[in-house]
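Trainee: all I have is the shape, not the residue letters:
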């Protein structure tokens, strides 16, 4: 109608022509997203098939296929997935490893933020619990694996929450604890007369001391524990820098739900297990300790498969 070519007396589907569709795309393309444009042409083709099934629409299917290939959804908070956050966290940690132009403190902060993103992506516990993780108690090294262990009185649901951290994060955790966390704690490092030494060149703590480490897991540049708000601010800045969308710690739980919804297949209670939700629709048997562990393992498997695909 805007182009003045609408004929109200034309038969159903008669106005869906290559020329008309080309003009339509030219008019709306500057104003619509690629996804909206593709979906609109898809709906146009389907409606034409319904109203005029005798029409040959091979040409329109070709246009639709081209638009589908070019369609890219805008990055929004609601469509970020756990595997994206994991990879972004790992990439940020690697950036810290090679950023020799930065001071040890800045590199340590980058590594810490990268580890926070990666860990929260695969084990999306609540912000309060994540920020308060303590070495030796709520974050433990047991039989070669790292565990998040929250007592019932520390969880919103009043249930013990035990989660094994995926093995592929072990190198990042060990590197952070033996090299970068000491930097943030202002522990003595190699060098003389206050000489600045890169974090890569520091002598790390022996791995055998991991079981004996204690204190807050997340340390600020001041050497003090990161506060609740500081944890949120660090993660928000890190996500904006790495994926272009500022996300709060709570958004990692939404990302887990998105991941499970689209890639969880036949696991109807996986979201509840991963997030430890209370629900009147689901019985308590879905929230015992073993079910939470199984849900974590299933989420880990989904994320690992997505990582391999990319």
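Mentor: Structure's in. What do you need? This one's a predicted model, so the numbers in the text were calculated from it and none came from an experiment.
Trainee: helix or strand for residue 147, which one?
Mentor: strand 145-150 (DSSP states H and E).
Trainee: what mean pLDDT does the next helix-or-strand element following that strand get?
Mentor: Next helix or strand after strand 145-150 toward the C-terminus (DSSP H and E): strand 161-164. For strand 161-164, the mean pLDDT works out to 84.
Trainee: and stretch 12-23, by the same measure?
Mentor: For stretch 12-23, the mean pLDDT works out to 87.
Trainee: that stretch: which residues count as buried?
Mentor: Using 16 or more other CB atoms under 10 Å as the test for burial, stretch 12-23 gives 13, 16, 21. Every C-beta, even on glycine, is put in place using the N, C-alpha and C of the backbone.
Trainee: which SS state does the first one fall under?
Mentor: Going by DSSP: H, G, I helix; E, B strand; the rest coil, the secondary structure assigned to residue 13 is coil.
Trainee: that one touches residue 52, doesn't it?
Mentor: Yes - judged on CB atoms under 8 Å, residue 13 makes contact with residue 52 at a distance of 3.1 Å.
Trainee: and the gap between residue 174 and residue 118?
Mentor: 13 Å (CB to CB, to the nearest Å).
Trainee: so for these two, which sits in the more crowded spot?
Mentor: Under the neighbour definition other CB atoms under 10 Å, residue 174 and residue 118 were set side by side, and residue 118 has more, 25 against 16.
Trainee: just the element for the more buried one, please.
Mentor: helix 104-122.
Trainee: now do that helix: distance to the chain's middle.
Mentor: 14 Å (CA atoms, centre = their mean, to the nearest Å).
Trainee: likewise for stretch 163-177?
Mentor: In terms of CA atoms, centre = their mean, the centre of stretch 163-177 is set 17 Å apart from its chain centre.
Trainee: now do the helices in the chain.
Mentor: 18-28, 34-51, 58-70, 82-98, 104-122, 127-131, 170-175, 181-184, 228-243, 249-263, 270-275, 289-309 (DSSP state H).
Trainee: centre-most residue in the chain?
Mentor: residue 85 (2.6 Å; CA atoms, centre = their mean).
Trainee: correct me if wrong: that one contacts residue 235.
Mentor: No - using CB under 8 Å, residue 85 makes no contact with residue 235, being 9.7 Å away.
Trainee: list the contacts for the closest residue in space to residue 146 that isn't next to it in sequence?
Mentor: Once flanking residues are discounted, residue 146 sits nearest to residue 165: 4.1 Å by CB to CB, 6 or more residues apart in numbering. Neighbouring residues of residue 165 by CB atoms under 8 Å, 6 or more residues apart in numbering: 119, 122, 123, 145, 146, 147, 148, 173.
Trainee: do the same with residue 216
Mentor: Residue 216 neighbours (CB under 8 Å, 6+ apart): 132, 133, 134, 135, 225, 226.
Trainee: the fourth one touches residue 211, doesn't it?
Mentor: No - if you go by CB under 8 Å, residue 135 and residue 211 don't touch, sitting 9.5 Å apart.
Trainee: so those two - more neighbours on which side?
Mentor: The neighbour count for residue 135 versus residue 211, taken as other CB under 10 Å, is higher for residue 135 (18 against 11).
Trainee: packing partners for the strand holding residue 147?
Mentor: strand 139-142, strand 161-164, helix 170-175 (3 or more CB pairs under 8 Å, 6 or more residues apart in numbering; DSSP states H and E).
Trainee: report the buried residues of the longest one.
Mentor: Spelled out, it's helix 170-175. So, applying 16+ other CB under 10 Å, buried residues of helix 170-175: 172, 173, 174, 175.
Trainee: can I get these in TSV with pLDDT and distance to residue 155?
Mentor: Formatted as TSV, these follow (pLDDT from 0 to 100; distance: CB to CB, whole Å):
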residue	pLDDT	distance to residue 155
172	96	25
173	96	22
174	93	27
175	94	29
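Trainee: out of those, which is nearest to residue 157?
Mentor: Distance to residue 157, by CB to CB, is smallest for residue 173 among those, at 26.0 Å.
Trainee: report the helix or strand with the lowest average pLDDT across this protein.
Mentor: Sorting the helices and strands of the chain by mean pLDDT, DSSP states H and E puts helix 270-275 at the bottom, at a mean of 48.
Trainee: ok, the residue nearest to residue 146 to residue 173 distance?
Mentor: Counting by CB to CB, the gap from residue 165 to residue 173 is 7 Å.
Trainee: go on, residue 69?
Mentor: Here the distance between residue 69 and residue 173 works out to 40 Å (CB to CB).
Trainee: in the protein, where is pLDDT below threshold?
Mentor: Low-confidence segments of the chain (pLDDT under 70): 1-7, 72-78, 187-208, 260-310.
Trainee: that one - how does it break down into domains?
Mentor: The chain is divided into the following domains under automatic domain parsing: 18-70, 78-309.
Trainee: identify the contacts common to residue 165 and residue 173.
Mentor: Common neighbours of residue 165 and residue 173, using CB under 8 Å, 6+ apart, are 119, 146.
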